[in-house]
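>>> Next input, structure requested:
(chains A, B, C and D)
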There are 4 protein chains.
Amino acid sequence: MTSSRLEAFSDGVLAIIITVMVLGLAVPRGDQWSDLVHTSGLGLLTYLLSFVYIGIYWNNHHHLFQLHPSVEGRVLWANLHLLFWLSLYPFTTAWLTESRVALVPTVVYGLNLLGAALAYFLLEAAIIRLPGGERLRQAIGRDLKGWLSPVLYLVGIGLAFVVPWLGLVPFVVVALMWLIPDRRVERFISSHPDSADD
Amino acid sequence: MTSSRLEAFSDGVLAIIITVMVLGLAVPRGDQWSDLVHTSGLGLLTYLLSFVYIGIYWNNHHHLFQLHPSVEGRVLWANLHLLFWLSLYPFTTAWLTESRVALVPTVVYGLNLLGAALAYFLLEAAIIRLPGGERLRQAIGRDLKGWLSPVLYLVGIGLAFVVPWLGLVPFVVVALMWLIPDRRVERFISSHPDSADD
Amino acid sequence: MTSSRLEAFSDGVLAIIITVMVLGLAVPRGDQWSDLVHTSGLGLLTYLLSFVYIGIYWNNHHHLFQLHPSVEGRVLWANLHLLFWLSLYPFTTAWLTESRVALVPTVVYGLNLLGAALAYFLLEAAIIRLPGGERLRQAIGRDLKGWLSPVLYLVGIGLAFVVPWLGLVPFVVVALMWLIPDRRVERFISSHPDSADD
Amino acid sequence: MTSSRLEAFSDGVLAIIITVMVLGLAVPRGDQWSDLVHTSGLGLLTYLLSFVYIGIYWNNHHHLFQLHPSVEGRVLWANLHLLFWLSLYPFTTAWLTESRVALVPTVVYGLNLLGAALAYFLLEAAIIRLPGGERLRQAIGRDLKGWLSPVLYLVGIGLAFVVPWLGLVPFVVVALMWLIPDRRVERFISSHPDSADD
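I've put the predicted structure just below:
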């Protein structure tokens, strides 16, 4: 299979996930600002967070296949495995919202983020095993952001047991970390190699 | 990333937004014309309006990338930012309909239109900053329609405080302005350069 | 705009319309065959009918642009106009089903089919006006099926006033007429040029 | 029609089916682990099963057209026929889940799997009839997996009459059989040619 067809399929799934999440936004019954804030305020924030995550995966995903015009079975399934985890975002985002950030839904949201991150690592590993895949390993390098993300997801899951809302902070930090092309984070971690390193 | 992949992803999101909005149309419980008009009449009109808006963005969007075969991070995120605002159309359209054009939902709908228009300007600016982007600035020119649209959105938001229904008039005018390739509007504004100019 | 991007966008919308219609199928509350037949039996039949219609439009749509690698504004909007009518199929199909084929929903379904057929003619006309579009007119020829379809929609709408169920018969006939590549229908009409001719 | 457009359309439909199925997952009302398990546990498992099935069809589908750059009417409709059966997965999966694996919904799910498998055979047959299609027949070979799958669907439907849950076992086995590239199954059947052979 050509990797361009795999990319097109993945883009399609990601585009639909983004849009389907909007259906999870409850429309206010009243017609006042307070109705909007009460019914949909939290939902808009969690939608924004999950939207950014899907955007990050979409941005990163296309880098993986630039060196590989064709792929085989193992990579196809590793890619579908990633899409499976991402396809659960609308579900876990909706539960997080409807529970108004209770403990278990926050943990489940974090586990969903974690599952997608691990699926992404498995996809990278499957591509690196391809003939010529060694170049992708070199291109990725130490991948500090990639390793820091699941660590922060675990931190968030842990913090949720203290105060559920607090668990969302590391999740937002991860999103900002990928969104803002800020080298300082990487430099900070580079100078503290024991904190998050492969 | 090639701009063709960015366009394909954007097209996918826009295609889904259009179709997902139909799900917001409540199916009448009765089976008479009056049931259709009462339950779905307003919804069909607001759906038509939002459909035209998405069509306009789809039409204009592809002009942006014709001079740029490849794009980078800032443009990707500026594009996702635009898609985020457009992805809220099904939500704000549904609220506008279900409130039967109350004040706040009309203002929120106008703010959504305004947000998308500003996101579009930011996307243009991000592309113009690319190497060779100066040509896009020249191609856009004075962009009277582009500047008049947000002004009319603000007028609509203001009019909604008088009578909510009145606020929709400028929104419809903007849609018609882009839909009908009528040069007279531009000529009128050209001869009154103080009304809306960059 | 290249016609391939217009086709890709149209394909996306059609693919989503097909799949979104499935969401209109009510899941039975009970778990017996009778529950399936009562709750979903009619819905499966109307879904099948609308599915075939979308398939027909998809099949025919691509013929239109084969001679035209690029298109302009008027064609874009004629195409969006067609997609608008097709995007209403999930809505009118759901009402037809939920009313259990009452008079008005059957008429509305027929008007939706009619609207799409007229939009298709307008799209053809817009393409024929393009430079070199005369070839499309020759390729279409007398287009007996194309002219017979709206006539049969009108017959169906008329019959619905006698018995609503009867109105569906011509709609099914049109679907079969396009589905089955049977030349005999065309020959029959060719030998009766007064029945349906341009 | 080029087969690449047919593939792109099919990919679009499959991508949407996958994502639309997530909408069938009921969001728990409570915020405890028990709520998640009780409300969504079974739904997550059936979603996973149907997701894998769609993934298998997506993987296999692209093999069909590799030798055929262009296709004609019969193949288009054979392909739409397959997509029709696959588009019912969200519906039958939702009923299976909501009935908590009762007899009839399990049988209906099995019939849906069976219908898709038969539609896939018909699509293969339609392609083999194309000029040069003989090569596809040779490429498919004895197609043990392809023949074993509908047999196992029938076994599952039969077992459902004993204990509904038991009927799901062969369905899971088929999914694993395609997922795991394990030659031993084929070898086992090769050495028992009377069990499943053409």
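
>>> if I look at A:L130, how far off is C:L23?
Distance, A:L130 to C:L23, by Cβ to Cβ, to the nearest Å: 38 Å. Quick note: C-beta positions are derived from backbone N, CA and C, even for glycine.

>>> Where is the longest helix in chain A?
As assigned by DSSP state H, the longest helix anywhere in chain A is helix A:103-128.

>>> List the buried residues in that one.
Neighbour-count burial for helix A:103-128, counted by 16 or more other Cβ atoms under 10 Å in any protein chain shown, picks out A:103-117, A:119-120, A:123-124, A:126-128.

>>> Centre of the chain to that helix, how far?
In this view, helix A:103-128 has its centroid 7 Å away from the chain centroid, taken as Cα atoms, centre = their mean, to the nearest Å.

>>> what's the distance between the residue most central in space within chain A and chain B?
Nearest to the geometric centre of chain A sits A:Y53, at 4.3 Å (Cα atoms, centre = their mean). Distance, A:Y53 to chain B, by Cβ to the nearest Cβ, to the nearest Å: 11 Å.

>>> Which residue, other than its chain neighbours, is closest to that residue?
A:A175 (6.2 Å; Cβ to Cβ, 6 or more residues apart in numbering or on different chains).

>>> So that neighbour sits against A:G55, correct?
No. Contact between A:A175 and A:G55 fails when scored by Cβ atoms under 8 Å: they sit 9.1 Å apart.

>>> so what's A:F171 up against?
Contact partners of A:F171, counting by Cβ atoms under 8 Å, 6 or more residues apart in numbering or on different chains, are A:49, A:109-110, A:113, A:152-153, A:156.

>>> rerun at 6 Å
By Cβ atoms under 6 Å, 6 or more residues apart in numbering or on different chains, the residues touching A:F171 are A:G156.

>>> for the helix or strand hosting it, which positions count as buried?
Following DSSP states H and E, one finds A:F171 within helix A:164-179. With burial defined by 16+ other Cβ under 10 Å, the residues of helix A:164-179 counted as buried are A:164, A:166-168, A:170-171, A:174-175, A:177-179.

>>> could you dump those residues to JSON lines with pLDDT?
Formatted as JSON lines, those follow (pLDDT from 0 to 100):
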{"residue": "A:P164", "pLDDT": "95"}
{"residue": "A:L166", "pLDDT": "96"}
{"residue": "A:G167", "pLDDT": "95"}
{"residue": "A:L168", "pLDDT": "96"}
{"residue": "A:P170", "pLDDT": "96"}
{"residue": "A:F171", "pLDDT": "96"}
{"residue": "A:V174", "pLDDT": "94"}
{"residue": "A:A175", "pLDDT": "93"}
{"residue": "A:M177", "pLDDT": "89"}
{"residue": "A:W178", "pLDDT": "88"}
{"residue": "A:L179", "pLDDT": "84"}
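
>>> hang on, A:D35 packs against A:P28?
Yes. The pair A:D35 and A:P28 passes the contact test of Cβ atoms under 6 Å, sitting 3.8 Å apart.

>>> Looking at these two, which is more packed in?
More neighbours surround A:P28 than the other of A:D35 and A:P28, with 24 against 19 (other Cβ atoms under 10 Å in any protein chain shown).

>>> Helices along chain A, start to end?
Using DSSP H, the helices assigned to chain A run over residues A:3-23, A:33-36, A:42-64, A:73-87, A:89-98, A:103-128, A:134-140, A:144-160, A:164-179, A:183-190.

>>> rank these by mean pLDDT and give me the bottom one.
Here the helices of chain A differ in mean pLDDT, and the lowest is helix A:183-190 at a mean of 57.

>>> follow-up on the earlier one: of the buried residues of helix A:103-128, which are in range of chain D?
Among the buried residues of helix A:103-128, the ones lying near chain D by Cβ under 6 Å from any Cβ of the partner chain are A:104-105.

>>> related to what we said a few turns ago, got the angle for the longest helix of chain A vs helix A:164-179?
Calculated by axes from the mean of the first three to the mean of the last three Cα atoms, to 10 degrees, helix A:103-128 forms an angle of 30 degrees with helix A:164-179.

>>> list the helices and strands helix A:103-128 packs on?
Helix A:103-128 is packed against helix A:73-87, helix A:89-98, helix A:134-140, helix A:144-160, helix A:164-179, with contacts defined by 3 or more Cβ pairs under 6 Å, 6 or more residues apart in numbering or on different chains; DSSP states H and E.
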